[in-house]
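Student: following is a predicted model, sequence given first.
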Amino acid sequence: MSCGHPIDAAILADYWLAALPSSEEESVEDHLFDCGECGARLAEVIALAEGVRALVREANLLMTLSDEFVKRSAARGLRIRQYAPPAGGSVQCTITVDDDMLIGRLAADLAGQRRVDLALCNQDGIEYARLADVPFGPGISEVLFQQPIQFAKGAPSQTMIARLIGRDESDAERLIGEYTFVHTRTIPGPAAF
Amino acid sequence: MYEMSLELSDADLVLRIGQGHDPDAESEVCRRMGPRIRLYGLRHLRDHAAAEDLMQQVLIVVLQALRAGRLRESEKLASFVLGTSRMSILEIRRGTQRREKLLEQFGPEALIPTSSWAPRLDHERLHGCVQGLKERERWVIVMSFYDEKTGADVARFLGVSEANVRVIRHRAIHLLRRCMGEGE
């Protein structure tokens, strides 16, 4: 039988996250015990949530992170390799088979920026990925990003340039800083690409 | 059995079980209510084995009550199961020792759910979908589902309002589901 009042998946996600007011939570639970269709949708939402958790645990997402997240990961016993080239400078870097996370730390003055993007470029400066609208709070003077660990372990020796790009009130782009990572492959065997 | 699930209402099942020995009707109650109890348990206990435990415990209590004819308003089976689940959660929380004893006695395999509780996800596809989110959406999803931060925590961290976090989270959920081909 089709549900006459299906609960939206986003509301079910709120329910899963215990983010609903208690009266709404009770009414959602009443409905879920009466409706297999919405229960099936909740199961999909939970599977999605657990899938996201697995992806984050694998450290295979290209994304920016907070310093707090990196510290918590270290406290959980993950082996974290971090590089922090100065703005306008470069750093020699590598990865080993034992590493669990690879983090780049980009120091920058973000004061006055309306929006900040992180662009990743090859050694010729050609952009191949952009993380748009990186969250940053007041007083933050560093952008941290994670390179997907499997990608890094499979990479050949190569140079990557990270650029922090700011946008002011007029929406004009301005280079905040450029950071060069010179990667040397030290894992035995051929690169994956 | 399949025909029974289509034809009999919850109230019909309650009446049949109350009238005497009816294993088919009891199986249908378990088939219908089991997954709902398990999801409820997963939400409140955050543990698959504990949710499975809850399901078994609640179904036993419910079937005993139905056999004894203790559910007077037969159309209220779902409410009765929910109420029993709420009560049982408290007992399960007190009874972690029971699970440990079962583990000692039978080994971990004994408590693995007998049926899949959720649809299988295409992990590679989900990777692409999460990677395709905007940075702010990805942070909200990661902080909510992985870090289990509250909306207030996420809002404080991102420097936006809690309502804004909810809007971003809802948008991200819809984008991910569409990208995964769900809810179409």
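Tutor: Received the coordinates, thanks. Numbers count the residues shown, from 1 in each chain, chains lettered A, B, ... in the order given.
Student: contact partners for A:Arg57?
Tutor: Applying Cβ atoms under 8 Å, 6 or more residues apart in numbering or on different chains to A:Arg57 gives the contacts B:Tyr146. Bear in mind the C-beta positions are built from the backbone N, C-alpha and C, glycine included.
Student: how about chain B: which residue is closest to chain A?
Tutor: Nearest residue of chain B to chain A: B:His170, at 3.7 Å (Cβ to the nearest Cβ).
Student: could you pull out the helices for chain A?
Tutor: A:9-16, A:22-34, A:36-58, A:67-75, A:149-154 (DSSP state H).
Student: helices of chain B, residue ranges please.
Tutor: Using DSSP H, helices in chain B cover B:2-7, B:10-18, B:23-45, B:48-67, B:77-94, B:96-106, B:123-131, B:135-141, B:151-158, B:162-179.
Student: and the fourth one, what does it pack onto?
Tutor: The one in question is helix B:48-67. helix B:10-18, helix B:23-45, helix B:77-94, helix B:96-106 (3 or more Cβ pairs under 8 Å, 6 or more residues apart in numbering or on different chains; DSSP states H and E).
Student: what's the closest of those helices to A:Gly125?
Tutor: Closest of the helices and strands packed on helix B:48-67 to A:Gly125 is helix B:23-45, at 48.8 Å (criterion: Cβ to Cβ).
Student: for the closest one, packing partners?
Tutor: Using 3+ Cβ pairs under 8 Å, 6+ apart, helix B:23-45 is in contact with helix A:22-34, helix A:36-58, helix B:2-7, helix B:10-18, helix B:48-67, helix B:77-94.
Student: just send those back as JSON lines, with mean pLDDT and distance to A:Gln113 too.
Tutor: Compiled in JSON lines, the helices and strands packed on helix B:23-45 are given as follows (pLDDT from 0 to 100; distance: least, Cβ to Cβ, whole Å):
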{"stretch": "helix A:22-34", "mean pLDDT": "96", "distance to A:Gln113": "38"}
{"stretch": "helix A:36-58", "mean pLDDT": "94", "distance to A:Gln113": "27"}
{"stretch": "helix B:2-7", "mean pLDDT": "57", "distance to A:Gln113": "58"}
{"stretch": "helix B:10-18", "mean pLDDT": "94", "distance to A:Gln113": "58"}
{"stretch": "helix B:48-67", "mean pLDDT": "92", "distance to A:Gln113": "44"}
{"stretch": "helix B:77-94", "mean pLDDT": "90", "distance to A:Gln113": "47"}
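Student: to B:Asp153, which of those lies closest?
Tutor: Taking Cβ to Cβ, helix A:36-58 is the member of the helices and strands packed on helix B:23-45 nearest to B:Asp153, at 16.5 Å.
Student: how far does the closest one sit from the chain's center?
Tutor: Put simply, helix A:36-58 sits 19 Å off its chain's centre (Cα atoms, centre = their mean, to the nearest Å).
Student: which residue does chain A have closest to chain B?
Tutor: For chain A, Cβ to the nearest Cβ, closest residue to chain B: A:Ala10, 3.7 Å.
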